[in-house]
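1. need a structure here:
(one chain, ligands or ions: 1)
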Amino acid sequence: MAKALIIGCGGVGSVAIHKCCQNSEVFEEICIASRTKSKCDELKAKLEKTTKTKITTAKVDANQVDELVSLIQRVKPDIVMNLALPYQDLTIMEACLATKTHYMDTANYEPEDTAHFEYSWQWAYRDAFKKAGVTALLGSGFDPGVTSVFTAYALKHHFDEIETIDILDCNGGDHGYPFATNFNPEINIREVSAKGKYWKNGAWVETEPMEIKRVYDFPEVGVKDMYLMHHEEIESLALNVPGIKRIRFFMTFGQSYLTHLKCLENVGMTSIEPIEFQGQQIVPLQFLKAVLPDPASLGPRTKGKTNIGCIFTGRKDGKEKTYYIYNVCDHEESYKEVGSQAISYTTGVPAMIGAMMVVTGKWQKPGVYNMEEFDPDPFMAELSKWGLPWVECHAPKLVD
Ligand SMILES: NC(=O)c1ccc[n+]([C@@H]2O[C@H](COP(=O)([O-])OP(=O)(O)OC[C@H]3O[C@@H](n4cnc5c(N)ncnc54)[C@H](OP(=O)(O)O)[C@@H]3O)[C@@H](O)[C@H]2O)c1
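-> Down below sits the predicted model:
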């Protein structure tokens, strides 16, 4: 039925590729393209014996619009799935525009030399995508992504008005290393060492990194420390949920992770300012990435589960209401199925489903859109089918 060009073959890309290959009825053909072609070839060799999906591979530098345009013109995909890094979002969007091809990604644009992310750069393409008659679907991972769809679903089926949203990203997994990051270390460390931010009564409130702490007792995972962080879906949800009063995002961090991170920050290892070292310029954070365990190598070692979901409060039929929806994903089960731990799994599955929504026409609308702007029902129906079942209940117990 459809052909996808998948750019990026790392942790998330690899899961999405497995899932496209499980869904051959929709993804009849995929081309895996990345900076290091050998990784794409390895995955192709592993998967082509198990799937009806036809797989090709290519080498591409996704920072180069010209290279992307000629690849898209050669492959002629129905959609480009951007599963590279947030730095490549704009060049890939440019190439999709030039070739009038649908686009999707899982993370919003971030310039490589400034640790700052926001949607304005990608939202600036709204008119151009409308004019070109193609859809750009932004943030089709878990958070953003599924959490955004959970919000649209809560608004459609459970509330007349949502007043507050707390997004709770809990990882109860243990990889056995004193310090490692579950996805790209450079992106992860930039994210967690930034100031916290949340939306309250129409304005941003800024906090110091890790200033606001909560302790929750999560279904199937247990008691975990969480810290308030800025996260990209707050920005779009603040615009797209009418009358919303407060949106916050919390993520779990263990004490060992925080102690190591503080130490690395104190000695300058998390800096993105280039320094001179033995006659060449190096970026300390990029060097750190090179010495840390590759997130892809955590898969076979990680035990435990993730629990990611949202607590909504608001009103339904004149009464106050609280509603909690979450997914639990098991690291070992994920590894058994697709060779990656649950962090990549919970992102790669929604990436495939988002692309499926676009190519099947369920979510096709010329322009640039965030996930909560589409009808949540068809996406929610696919989630359980492709490995991310969801549970609706009362909020988890707030311990502290
Ligand atoms: N929404 C969510 O819930 C969520 C959660 C986690 C991650 N994410 C996002 O998912 C994306 C992928 O993360 P990941 O953990 O899979 O990262 P990763 O393991 O580092 O993989 C990144 C992939 O992109 C490729 N790449 C990097 N620069 C490139 C370039 N210039 N041209 C072509 N390919 C390039 C890399 O190629 P090499 O093999 O050559 O390095 C690698 O295959 C990121 O944007 C991340 O922020 C979203």
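2. per-domain residue ranges of this structure.
-> Listed domain ranges for the chain are 2-138, 146-340+385-398 (source: automatic domain parsing).
3. which SS state does the one residue in the stretch 251-400 of the chain that gets nearest to the ligand fall under?
-> In the stretch 251-400 of the chain, the residue that lies nearest the ligand is residue 347 (4.0 Å; C-beta to the nearest ligand atom). Using the backbone N, CA and C atoms, a C-beta is placed for each residue, glycine as well. When classified by DSSP: H, G, I helix; E, B strand; the rest coil, residue 347 comes out as helix.
4. so what pLDDT did the closest residue to it other than its chain neighbours get?
-> Using C-beta to C-beta, 6 or more residues apart in numbering and skipping residues adjacent in sequence, the residue nearest residue 347 is residue 141, 4.0 Å away. Note for residue 141: predicted pLDDT of 98.
5. Please pull out the lowest mean pLDDT helix or strand from this protein.
-> helix 185-192 (a mean of 82; mean pLDDT, DSSP states H and E).
6. helix or strand right after that one?
-> Downstream of helix 185-192, the first helix or strand assigned by DSSP states H and E is strand 196-200.
7. quick one on the thing from earlier: could you redo the domains of the chain as CSV and give each row distance to the ligand?
-> Formatted as CSV, the domains of the chain follow (distance: least, C-beta to the nearest ligand atom, whole Å):
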stretch, distance to the ligand
domain 2-138, 2
domain 146-340+385-398, 4
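8. and among the ones you listed, the most buried is which?
-> Stretch with highest mean neighbour count among those: domain 2-138 (a mean of 20; mean count of other C-beta atoms under 10 Å).
9. quick one on the thing from earlier: Serialize the domains of the chain to TSV and add fields for distance to residue 377.
-> Formatted as TSV, the domains of the chain follow (distance: least, C-beta to C-beta, whole Å):
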stretch	distance to residue 377
domain 2-138	16
domain 146-340+385-398	7
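10. Any idea which of those gets closest to residue 354?
-> Nearest of the domains of the chain to residue 354, taken as C-beta to C-beta: domain 2-138 at 5.2 Å.
11. next one: that closest one to chain centre, how far?
-> Put simply, domain 2-138 sits 14 Å off its chain's centre (C-alpha atoms, centre = their mean, to the nearest Å).
12. isn't residue 168 right up against residue 306?
-> No: between residue 168 and residue 306 there is no contact under C-beta atoms under 8 Å: 10.7 Å.
13. In contact with residue 238, which residues?
-> Taking C-beta atoms under 8 Å, 6 or more residues apart in numbering as the contact definition, residue 238 lies against 199, 244, 247.
14. okay, these in CSV with pLDDT and distance to residue 39 next?
-> CSV is the format used below for the contacts of residue 238 (pLDDT from 0 to 100; distance: C-beta to C-beta, whole Å):
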residue, pLDDT, distance to residue 39
199, 98, 38
244, 98, 41
247, 98, 37
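15. Identify, from those, the entry nearest to residue 58.
-> Once C-beta to C-beta is applied, the member of those that ends up nearest residue 58 is residue 247, at 39.5 Å.
16. How about the contacts made by that closest one?
-> 164-165, 167, 198-199, 234, 237-238, 241.
17. Next SSE downstream of the host helix or strand of it?
-> Assigned by DSSP H and E, residue 247 belongs to strand 246-252. Following strand 246-252 in sequence order, the next helix or strand is helix 255-266 (DSSP H and E).
18. what ranges do the strands span in the stretch 201-350 of the chain?
-> Secondary structure of the stretch 201-350 of the chain (DSSP state E, counting those that start in this stretch): strands located at 203-207, 213-218, 222-229, 246-252, 275-277, 280-282, 305-316, 319-330.
19. what lines up beside the fourth one in the sheet?
-> Spelled out, it's strand 246-252. Strand 246-252 pairs in its sheet with strand 161-171 (parallel), strand 196-200 (antiparallel), strand 222-229 (antiparallel), by DSSP bridges.
20. repeat for the fifth one
-> The partner list of strand 275-277 in its sheet, established with DSSP bridges, is strand 280-282 (antiparallel).
21. and the nearest residue to residue 380 once chain neighbours are set aside, what does it touch?
-> Nearest in space to residue 380, with sequence neighbours left out and distances taken as C-beta to C-beta, 6+ apart, is residue 153 at 5.6 Å. Counting by C-beta under 8 Å, 6+ apart, residue 153 makes contact with 325, 376-377, 380.
22. farthest pair in the residues you listed?
-> 325 and 377 (13.8 Å).
23. Can you tell me the centre-most residue of the protein?
-> residue 141 (3.5 Å; C-alpha atoms, centre = their mean).
24. how far does stretch 309-327 stretch from start to finish?
-> 6 Å (C-alpha to C-alpha, to the nearest Å).
25. Give me the distance between that stretch and the centre of its chain.
-> For stretch 309-327, the distance to the chain centre is 24 Å (C-alpha atoms, centre = their mean).
26. Tell me the spacing between the residue in the stretch 101-250 of the chain that the ligand sits nearest to and residue 50.
-> Going by C-beta to the nearest ligand atom, the ligand is nearest to residue 141 of the stretch 101-250 of the chain, at 2.3 Å. From residue 141 across to residue 50, the span is 24 Å (C-beta to C-beta, to the nearest Å).
27. Where does the prediction get shaky in the stretch 251-400 of the chain?
-> Counting by pLDDT under 70, not a single residue of the stretch 251-400 of the chain qualifies.
28. One more pass at 90, please.
-> 253-258, 262, 272, 294-299, 394-397, 399-400 (pLDDT under 90).
29. Good, wrapping up.
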